[in-house]
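# no sequence on hand, only this structure:
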């Protein structure tokens, strides 16, 4: 009885608990077993979601800031020396007060931490799928869309198709959204593009436009991707990329002998300095001495394909021509080498060849071509804007042609100003004004007769280059607009 009265009797205690549970059940105060199990499951789900929320936020942060998740290595999450950026960011979240994540990492089983490289890949795939689903829904809400695509080979030499969808969202704003790279197992064909659109859950019946470059596999009249798609979906009108078309016009114009030779020298000058830290450092020292107010210390390596980008390369040569020539002279004469050393023979020979190439013809072509191509820069920038359409592009091209016509109308005055600038630049590097000799028969360069150098370059360079660019713009872009408007009608 003493044991029972003191509450130490186990049987009595269980009976009291059972009686209490019976009374709560009779009074409808107790929670049913199935509901208790369900509540326990919901609490576990909420806890797991909080843990995954921290993990997914870290993945999204890495994606938005272009941070590789695995970093150096990621083979053993428990080994700090092999942890990657993803795990380092998780540790940073724990240090910042994420108690849910801290408790998970400290108490979870080794095979259920959800931070392995396999789980990271699954989270990346999940996030990508959610982004594409949301984007696909926005496009379906707007109904109609256009396709912008281009092909490129990756490091394994496999052809990939990059796809961008252009559409008008609910706020009437033009949007261009990149949707992914698609492997072209059978080449870049209309089938590959249709498959990429189908993966987004979109219908090609709602496609109202195609925009590609001028390559035959994309724009070919018979077997090009645009023609194959148009044969099946006639409302998907093909438009040649305007900026690419302008780039082709400039490229055709730059085949003029004086211009082509000048471009080659600009490229060789930039490569000469870029390919050697020793030569580049010597150029920097010359810039600090000869042009103290210079804002740039590196020559721009001109782009091989995008001709309009060569304007930056020419701008940099004009700004730094004096220290560039001084650097070439030091190297060719084998003087002022770093650490009292010597310039190697190949560098000396290349430097001397570049000095010989910096002639007055090079300087005049550099100044004049830079000025004329600079007129195309605003158009190049505007054609890349998302809000650009066919009519706006036509208006911008009309403005460029008007600027070129104004230059031709006042060609004498404009050329004289540019020629004086070239003469001033040439004097800084001790180059005297001159012109190539004129012979009776010549097919490899301009050979129009002229008495003075200024007249020679006005006839054979300024007039020819501006006229050729204007004619190319008229012919190519006029035909492009006629084809496009015909399709719309």
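In hand now; what should we look at? Keep in mind that this is a model prediction, so the values were computed, not measured.
# backbone dihedrals for residue 410, please?
Per-residue torsions, residue 410: phi -110, psi 40 (degrees, to the nearest 10).
# nearest spatial neighbour of residue 60, skipping sequence neighbours?
Nearest non-adjacent residue to residue 60, counting by CB to CB, 6 or more residues apart in numbering: residue 127, 6.2 Å away. To be clear about C-beta, it is placed using only N, CA and C from the backbone, and glycine gets the same treatment.
# oops, could you answer that again for residue 105 instead?
residue 113 (6.3 Å).
# would you list every one of the strands in the protein?
Here the chain has its strands, by DSSP state E, at 145-153, 159-168, 174-183, 207-212, 237-240.
# and the angle from the second one to strand 174-183?
This points to strand 159-168. For strand 159-168 against strand 174-183, the angle by axes from the mean of the first three to the mean of the last three CA atoms, to 10 degrees is 160 degrees.
# what comes up buried for strand 159-168?
Judged by neighbour count (16 or more other CB atoms under 10 Å), strand 159-168 contains these buried residues: 159-161, 163-167.
# just the first one next, same as before
Within strand 145-153, the residues that qualify as buried by neighbour count (16+ other CB under 10 Å) are 145-151.
# re the thing from before, for residue 437, which of the strands of the chain is the nearest?
Residue 437 lies closest, by CB to CB, to one member of these: strand 237-240, at 42.7 Å.
# dump the residue contacts of residue 319.
Neighbour list for residue 319: 291, 294, 296 [criterion: CB atoms under 8 Å, 6 or more residues apart in numbering].
# switch these over to JSON lines; also include neighbour count.
Converted to JSON lines, these look like this (neighbours: other CB atoms under 10 Å):
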{"residue": "291", "neighbour count": "16"}
{"residue": "294", "neighbour count": "15"}
{"residue": "296", "neighbour count": "13"}
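# nearest to residue 251 among those?
residue 296 (25.7 Å).
# so which of the buried residues of strand 145-153 comes closest to residue 249?
Nearest to residue 249 out of the buried residues of strand 145-153 is residue 150 (CB to CB; 19.0 Å).
# the nearest residue in space to the closest one that is not next to it in sequence and residue 390, how far apart?
Sequence neighbours aside, residue 162 is the residue nearest to residue 150 in space, at 5.5 Å (criterion: CB to CB, 6+ apart). The gap separating residue 162 from residue 390 is 23 Å, by CB to CB, to the nearest Å.
# wait, residue 70 touches residue 87, no?
No - in terms of CB atoms under 8 Å, residue 70 does not count as a neighbour of residue 87; the distance is 9.1 Å.
# which of these two has more residues huddled nearby?
Set side by side, residue 70 and residue 87 show more neighbours around residue 87, with 23 against 17, by other CB atoms under 10 Å.
# what sits up against stretch 291-307?
So stretch 291-307 is contacted by 247, 250-251, 254, 263, 266-267, 269-271, 273-274, 280, 283-284, 287-288, 309-310, 312-313, 315-317, 319-320, 322-324 (CB under 8 Å, 6+ apart).
# residue ranges with poor pLDDT in this protein?
1-9, 28-36, 71-82, 186-189, 215-217, 303-309, 340, 439-445, 476-489 (pLDDT under 70).
# can you find which helix in it contains the most residues?
The residue-count maximum for a helix in the chain (DSSP state H) belongs to helix 33-64.
# which of the residues in that helix are buried?
51, 54-56, 58-59, 62.
# do the same with stretch 190-207
Buried, per 16+ other CB under 10 Å, within stretch 190-207: 190, 192-194, 196-197, 200, 202, 204, 206-207.
# circling back to that earlier point, widest-spaced pair of the buried residues of helix 33-64?
Going by CB to CB, the pair spanning these furthest: 51 and 62, at 17.6 Å.
# burial check on residue 387, number of neighbours?
By other CB under 10 Å, 9 other residues sit near residue 387.
# nearest spatial neighbour of it, skipping sequence neighbours?
Sequence neighbours aside, residue 174 is the residue nearest to residue 387 in space, at 5.1 Å (criterion: CB to CB, 6+ apart).
# for that neighbour, what are its contacts?
By CB under 8 Å, 6+ apart, the contact set of residue 174 is 166-168, 386-387.
# picking up where we left off before, let me know the closest of the buried residues of helix 33-64 to residue 418.
residue 62 (50.6 Å).
# right, and that closest one touches residue 69 too?
Yes - taking CB under 8 Å as the definition, residue 62 is a contact partner of residue 69 at 5.3 Å.
# residues shared between the contacts of the two?
The contact sets of residue 62 and residue 69 overlap at 85-86 (CB under 8 Å, 6+ apart).
# so how far is stretch 269-277 from its chain's centroid?
Mean-position distance between stretch 269-277 and its chain equals 24 Å (CA atoms, centre = their mean, to the nearest Å).
# buried residues in it?
269-270, 272-273, 276.
# narrow those residues to those in helices?
Per DSSP H, helices hold the following members of the buried residues of stretch 269-277: 269-270, 272-273.
# now the residues you listed as TSV including distance to residue 184?
Formatted as TSV, those follow (distance: CB to CB, whole Å):
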residue	distance to residue 184
269	38
270	34
272	38
273	38
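# pick the one among those closest to residue 224.
Of all these, residue 270 has the smallest distance to residue 224: 35.8 Å, by CB to CB.
# surely that closest one and residue 313 touch.
Yes - counting by CB under 8 Å, residue 270 does reach residue 313; the two are 6.2 Å apart.
# so how many other residues sit close to the residue nearest to residue 60?
A count of neighbours around residue 127, defined by other CB under 10 Å, yields 14.
# and what of residue 400?
Residues lying near residue 400 (other CB under 10 Å) number 19.
# how near is it to residue 310?
Distance from residue 400 to residue 310, counting by CB to CB: 17 Å.
# equivalent analysis for residue 446, please.
Using CB to CB, residue 446 is found at 21 Å from residue 310.
# who's more crowded, these two?
Neighbour totals were compared for residue 446 and residue 310, and residue 310 leads with 21 against 17 (other CB under 10 Å).
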